[in-house]
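> Return a 3D structure for these sequence lines:
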Amino acid sequence: MEKKKRRKEIKRKLLHKYRLVILNENTFEEKISFKLNRLNVFVTGTLAAIALIALTTLLIAFTPLREYIPGYSSTALKRQATLLTYKTDSLVNALTYTNRYLENIRSVLTGEVQTSQITSDSIFEGMKIDPSQVDLNPIREDSLLRAQVALEDKYNLFEQPTFDGSVLLFTPLTGSISQGYDPDHQHFAVDIVAPRDTPVKAVANGTVIFSEWTAATGYVVIVDHQQGLLSVYKHNGSLTREQGAVVRAGEVIATVGNTGELTTGPHLHFELWKDGNPVNPMNYIDFN
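This next block holds a predicted model:
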């Protein structure tokens with residue numbers, strides 16, 4: 001009985017109506033009035049609080065306003081930091097590669113080598129691939145493409161040769177050899193005697209990476225033929241191609257001269273370098 005009375009009392013308090021009136025302070029004229037009860041006020045307040053929380057959550061999750069809240073970082077800054085990290089890694093790798101490349105060029109110009117005994121056989125041995133780890137069976141499309149390319153390039157004089165022992169490079173200069181390749185005496189080249197101003201030609205397709213004067217070897221031109229192969233032409237009388245020029249096999253890049261301190265007459269000092277190590281040019285070029 002008492003519980004029933006208590007429930008009725010609570011219900012009466014919740015549903016008891018009140019009147020909220022807004023009056024003019026001077027005239028006591030009624031402007032606005034609302035009929036309310038405690039239940040309506042409670043429900044309305046709860047819904048307003050939920051709406052406010054939901055709106056705040058949406059603003060934080062989907063608008064840049066969250067960046068002004070302590071503890072939240074900018075998405076754009078995160079993205080930029082990640083991008084800069086990737087760029088830094090790429091620049092470090094590029095710098096390492098460039099330093100190695102420049103070190104090889106320096107070795108070519110100065111005639112220094114890293115190992116005590118360099119032979120072409122040791123270089124090719126390091127380039128060999130284990131056939132057991134490679135699928136050597138050509139597919140039908142590959143065979144058809146090979147046949148088509150072989151037919152089209154059969155008579156192409158400017159075809160880029162593969163650097164191996166079975167292919168001869170283009171002859172840079174025809175003449176008599178006054179001094180051959182002699183790594184024991186630090187002579188990593190062949191010296192070809194020829195009349196002054198005789199054209200000197202590129203041995204293969206490539207890009208001129210050095211075309212300048214040096215005190216010891218006079219006018220020097222270096223051509224990069226990809227795959228780590230460099231051809232070097234020293235003691236020239238003049239240079240016909242500048243650094244950055246793209247040349248084809250057989251194209252004139254210099255003329256025979258007698259420039260530099262380390263020369264005794266008109267000749268071409270010709271070197272071949274593979275992966276920073278000198279190789280004997282006579283194994284790949286017929287100078288006669």
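> Let me see the mean pLDDT of the helix or strand harbouring Val108.
Element membership of Val108 [criterion: DSSP states H and E] is helix 75-110. Predicted confidence along helix 75-110 averages 79 (mean pLDDT).
> again, but for stretch 17-25
pLDDT averaged over stretch 17-25 gives 79.
> Please apply the same query to stretch 146-160.
The model assigns stretch 146-160 a mean pLDDT of 55.
> next one: stretch 257-269
On average, stretch 257-269 scores 90.
> contact partners of it?
Here stretch 257-269 makes contact (C-beta atoms under 8 Å, 6 or more residues apart in numbering) with 172-173, 175, 178, 189, 191-197, 200, 213-219, 232-238, 256. For the C-beta atoms, the positions are set from N, CA and C on the backbone; glycine is no exception.
> For Leu65, report the pLDDT, please.
68.
> meant to ask about Asp130
At Asp130, pLDDT is 64.
> In this protein, mark out all the strands, start to finish.
17-23, 30-37, 176-179, 190-193, 199-201, 206-214, 218-224, 229-239, 246-247, 252-256, 267-274, 277-279 (DSSP state E).
> how about the longest one: buried residues?
Of the residues in strand 229-239, those buried by neighbour count under the rule 16 or more other C-beta atoms under 10 Å are Leu229, Leu230, Ser231, Val232, Tyr233, Lys234, His235, Asn236, Gly237, Leu239.
> and the third one, how far is that from Gly206?
Spelled out, it's Ser231. 7 Å (C-beta to C-beta, to the nearest Å).
> Residues that sit against both of these two, list them.
Val223, His225.
> Just give the closest residue to Ala194, not the sequence neighbours.
Closest residue to Ala194 in three dimensions, ignoring its sequence neighbours and counting by C-beta to C-beta, 6 or more residues apart in numbering: Gly175, at 3.9 Å.
> Report the contact partners of the one you found.
By C-beta under 8 Å, 6+ apart, the neighbours of Gly175 are Ile192, Val193, Ala194, Thr198, His267, Leu268, Phe287.
> Now that we're looking at it, what pLDDT does it have?
87.
> mind checking how far it is from Gly257?
Separation of Gly175 from Gly257 (C-beta to C-beta) stands at 14 Å.
> Same list (the strands of the chain) but as TSV, adding distance to Thr63.
Shown next, in TSV, are those (distance: least, C-beta to C-beta, whole Å):
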stretch	distance to Thr63
strand 17-23	35
strand 30-37	34
strand 176-179	78
strand 190-193	73
strand 199-201	68
strand 206-214	53
strand 218-224	54
strand 229-239	58
strand 246-247	53
strand 252-256	63
strand 267-274	60
strand 277-279	62
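> Could I get the contacting residues of Phe170?
Phe170 neighbours (C-beta under 8 Å, 6+ apart): Lys201, Ala202, Val203, Ala204, Ala249, Gly250, Ile285.
> From Leu173, how far off is the last one?
So the one you mean is Ile285. In terms of C-beta to C-beta, Ile285 sits 10 Å off from Leu173.
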